Each structure stands twice: as C-alpha cells, then as structure tokens.
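Participant: generate coordinates for the sequence data below:
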Amino acid sequence: PIYPVTKLFTERTPSWEKYAKGYGNDAELLEAFNEAYANRQERNPLVSVGLCDDDALKTLPPALFISAGHDILLDQTVQRLHNLGRPVIYRVYPTATHLFITVPGQPTAFEEAVKDVSRFLNDHHAAK
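Facilitator: Just a heads-up that it's a prediction; the model follows:
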C-alpha cells in the first residue's frame, strides 16, 4: 500500500494534528472520504484493517508500505505488523506530501517509490 488508510475514522494522532491542513490531504476532506467509503462501518475490521486482531494480521504475506513524511496518514502505519513478526518493509519519503505517487510535482519521491515497489515485486516474484 502507498500512504494507506488503515482506520476509516478520525484518530487524532500527531501527524493528524500537524498535517491536517495545507499538505494536500486536509482533515476535512479525509473525513468526508472516510464517511463516504466506510458507509457507517468505520469500526468494522474489514473496513478499518488497523482494527483487525493479531491472529488475522499474522496471516498476511510479506508487504511493502510506503508513506509520505508530511502526511496526515503518516501515523496510520505498519509498526504493529512489524511487532507481530511479519515480513514488512516500510519506506517513508520524509519530505513528500500525500499523493506524491499520483500527482506530478514531487519527482524525487515518486522515482524512489517506483524503484522500491519494483525492487520489492521483483524480489518476491523471484523467491517463488
């Protein structure tokens, strides 16, 4: 996942407070997306995977997670998967903002992320 949403509800984390306005994914907009997508199921672990129990998360395959350093979603990350012993690679592009992979204007972060995704996919395909 690239800058994943793991909880479809407002969780006032440090990144939520710091990047709530002016970084491309404002809190008001994210709350509207969450409400529209969750359809009143925001606390359901099938919708908000960050609420899944440990046994479910332990079954996940190796994963690469990519986050922007200046993103309201930065704190919704994969530390929990790592703590469960899952094979997780986590990359943060410290100066990037949300949408750096889809909206032009952040070429360094974009290029690095594409290389990381390509490397991850090739490495895991070759391991099969």
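Participant: what about Val88, how many residues close to it?
Facilitator: For Val88, the neighbour count with other C-beta atoms under 10 Å is 18. C-beta: built from backbone N, CA, C; applies to glycine.
Participant: for the one 10 residues further on, same thing?
Facilitator: His98 sits with 22 neighbouring residues when counted by other C-beta under 10 Å.
Participant: same check, this time on Lys7
Facilitator: 20.
Participant: ok, now Gly69?
Facilitator: Using other C-beta under 10 Å, the number of residues around Gly69 comes to 15.
Participant: buried residues, the lengthiest strand in the chain. List them.
Facilitator: Ranked by residue count, the top strand of the chain under DSSP state E comes out as strand 88-97. Residues of strand 88-97 classed as buried: 88, 92-93, 96-97 (neighbour count, 16 or more other C-beta atoms under 10 Å).
Participant: what does stretch 95-113 give?
Facilitator: 96-101, 106, 109-110, 112-113.
Participant: confirm that Leu121 sits in a helix.
Facilitator: Yes - secondary structure of Leu121 (DSSP: H, G, I helix; E, B strand; the rest coil): part of a helix.
Participant: for Val114, see how far away it is.
Facilitator: Here the distance between Leu121 and Val114 works out to 11 Å (C-beta to C-beta, to the nearest Å).
Participant: next one: Leu73
Facilitator: In terms of C-beta to C-beta, Leu73 sits 20 Å off from Val114.
Participant: the more surrounded of the two?
Facilitator: For Leu73 versus Val114, the count of surrounding residues by other C-beta under 10 Å is larger for Leu73: 20 against 11.
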